[in-house]
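S.K.: predicted model, plus sequence, below.
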Amino acid sequence: MKKIETPLDEKTIKGLKAGDFVEISGIIYGARDAAHKRFFEIMKNRGKLPFDIKGQTIYYVGPTPTPPGFIIGSCGPTTSSRMDIYTPALIKAGLKATIGKGVRSEAVRQAIVKHRAIYFITYGGCGAYLSQFVRECQVIAFFELGPEALYKIRVEKFPVIVGIDSTGRDIYSF
Amino acid sequence: MRKIREKIIVDRIYSAIEKASFSLEPQIKKLIYKARKIEKNKYGGKILDAIIENIKIAEDKKLPLCQDTGMVILFFEVGSNIKIEFKNFCSLQELVDYSVRNAYKDFYLRKSVVNVPERKNTMDNTPAIVWCESVPGDEMKISLMIKGFGAENTSQLKMFLPGVQKDEIIDFVVECVKKAGPNPCPPIFVGIGMGGTSEKAMYLSKKALLDCGDEKRSEMAEFEIELISKINRIGIGPGGLGGITGCLDARVKTFPTHIAGFPVAVSISCWAHRIHRNKI
């Protein structure tokens, strides 16, 4: 089990290989389909993203509403491939890691190699389990999108597996 | 004529949503535990451990099993001797939506339904999908399914020619599962609809999913068992990361079709197969 902290530097990313079990601690940003569409529009108009994307990690998640007394609701990964059309541009802008589930497109894999980024997968459908690793959670933009808003999430030892490493090796083609 | 008050149906649906959101039916859980016992793959085994832990946490803390609390599907089978006494609602759809709205608010479930084509969230997870069949008798069956879209997006329909061989159908389903890969959150359940028209086949494939885990199989048992073993032989495994337990069950429902065709529909459900069956 490897332990890493966000934001990620190149040395950390280089040390991770497809198939490694990893625990992530630090800040990650939760965003899915609608938030990505917004990022894309902002970048197209040369606007400013609601957070500094350099070195950051995006988790493809739309949590359930937080019940009273909880930090977050269920928060498992959604299917990453729906974000494939947006990901290369975000990686080019400095995004270092994404967390989701499932296979990525060839364009995403190439962007990962070119910009020395990384793709993690985590446990699909295990939203209750994964919520146990969240220490803080707040919506920081796109409130009106409800579950598709942009979340800032602080995690501790959040369990992931390296899906595509910085050399382009893909766990799904083992 | 047997009369059923609308309030009874409203309450049953409300509590069915509650039950299905936080815990799996015993027959589904049993298949997951059984898979853990036989899965040797390093990744597949680890995924199943997380799933089992997830099931425990969801039950203990009353957190939804999955953050995708889905679209709600209701299958009614209404006996011909039944009269539903509508008072506050004008239709089953209206009644179901009332229950869905309240349950999704009260139990902190995610509101995932958007209108089309604007894709604006309806903010209460309505409308639900409501199917109603008229059947003989004086009972009313209510079956609920909470369907996440990671799995739903992998549904497929193929209009085969009448001369299609059994092996071609099996190959088609196995190919669907292969193509779906890790997206529907394996280990999966597979529902197959055979015959009827295109939409009837799709409908049957969803109804077939309701039978997953039941001890009794239909007259298609042999086909189902062969299919499960062929799917598991491709080695998709839990999480799509490898192993022999990628498919926990497959069920088939059939209906007569036209001399000129043979529709076959495939619906896939994730391991968090959230169903609840009720009888009034």
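M.R.: All right, it came through fine.

S.K.: near chain A, which residues of the stretch 1-150 of chain B?
M.R.: For the stretch 1-150 of chain B, the residues in contact with chain A (C-beta under 8 Å from any C-beta of the partner chain) are B:43, B:46-47, B:50-51, B:53-54, B:57-58, B:61-69, B:108-112, B:119, B:121, B:123, B:148, B:150. Where you see a C-beta, it was placed from the backbone N, CA and C, and this is true even at glycine.

S.K.: report the buried members of those residues.
M.R.: For these, a burial check counting by 16 or more other C-beta atoms under 10 Å in any protein chain shown picks out B:43, B:46-47, B:50-51, B:54, B:57-58, B:62-69, B:108-112, B:121, B:148, B:150.

S.K.: pull out the buried residues from the top helix by length along chain A.
M.R.: Determined from DSSP state H, the single longest helix within chain A is helix A:33-44. The neighbour-count check on helix A:33-44 (16+ other C-beta under 10 Å) flags A:Asp33, A:Ala34, A:Ala35, A:His36, A:Lys37, A:Arg38, A:Phe39, A:Met43 as buried.

S.K.: likewise for stretch A:48-55?
M.R.: A:Leu49, A:Pro50, A:Phe51, A:Ile53.

S.K.: what's whichever strand or helix holds A:Ala111 packed up against?
M.R.: Using DSSP states H and E, A:Ala111 sits within helix A:106-114. If you count contacts as 3 or more C-beta pairs under 8 Å, 6 or more residues apart in numbering or on different chains; DSSP states H and E, helix A:106-114 packs onto helix A:87-92, strand A:118-121, strand A:150-164.

S.K.: please repeat the previous calculation with a cut-off of 7 Å.
M.R.: Packed against helix A:106-114 by the contact rule (3 or more C-beta pairs under 7 Å, 6 or more residues apart in numbering or on different chains; DSSP states H and E) you find helix A:87-92.

S.K.: what's next to the helix or strand just after the helix it packs on, contact-wise?
M.R.: Using DSSP H and E, the helix or strand that follows helix A:87-92 in sequence is strand A:97-100. Strand A:97-100 is touched from outside by A:8, A:28, A:57-60, A:77-80, A:87, A:117-122, A:160, with contacts defined as C-beta atoms under 7 Å, 6 or more residues apart in numbering or on different chains.

S.K.: before we move on, back to that, for the buried residues of stretch A:48-55, give me a markdown table that also has pLDDT and distance to B:Ala260.
M.R.: A markdown table is the format used below for the buried residues of stretch A:48-55 (pLDDT from 0 to 100; distance: C-beta to C-beta, whole Å):
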| residue | pLDDT | distance to B:Ala260 |
| --- | --- | --- |
| A:Leu49 | 94 | 55 |
| A:Pro50 | 95 | 56 |
| A:Phe51 | 95 | 57 |
| A:Ile53 | 95 | 56 |
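
S.K.: widest-spaced pair of those residues?
M.R.: Greatest spacing in those, by C-beta to C-beta: A:Pro50 and A:Ile53 (9.6 Å).

S.K.: SS state for the residue in the stretch 151-280 of chain B that chain A sits nearest to?
M.R.: In the stretch 151-280 of chain B, the residue found nearest to chain A is B:Cys185; the distance is 3.7 Å by C-beta to the nearest C-beta. Following DSSP: H, G, I helix; E, B strand; the rest coil, we place B:Cys185 in the coil state.

S.K.: re the thing from before, taking strand A:150-164 as reference, get the angle to the helix holding A:Ala111.
M.R.: Interaxial angle of helix A:106-114 relative to strand A:150-164 (axes from the mean of the first three to the mean of the last three C-alpha atoms, to 10 degrees): 80 degrees.

S.K.: just the strands in chain B please.
M.R.: All strands of chain B, identified by DSSP state E, fall at B:2-5, B:71-79, B:82-85, B:129-135, B:140-147, B:156-160, B:188-196, B:247-257, B:262-269, B:274-279.

S.K.: I'd like the ones you listed as CSV, with mean neighbour count and mean pLDDT appended.
M.R.: Below are the strands of chain B laid out as CSV (neighbours: other C-beta atoms under 10 Å in any protein chain shown; pLDDT from 0 to 100):
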stretch, mean neighbour count, mean pLDDT
strand B:2-5, 12, 95
strand B:71-79, 20, 98
strand B:82-85, 14, 95
strand B:129-135, 13, 97
strand B:140-147, 22, 98
strand B:156-160, 16, 98
strand B:188-196, 25, 98
strand B:247-257, 21, 98
strand B:262-269, 25, 98
strand B:274-279, 19, 97
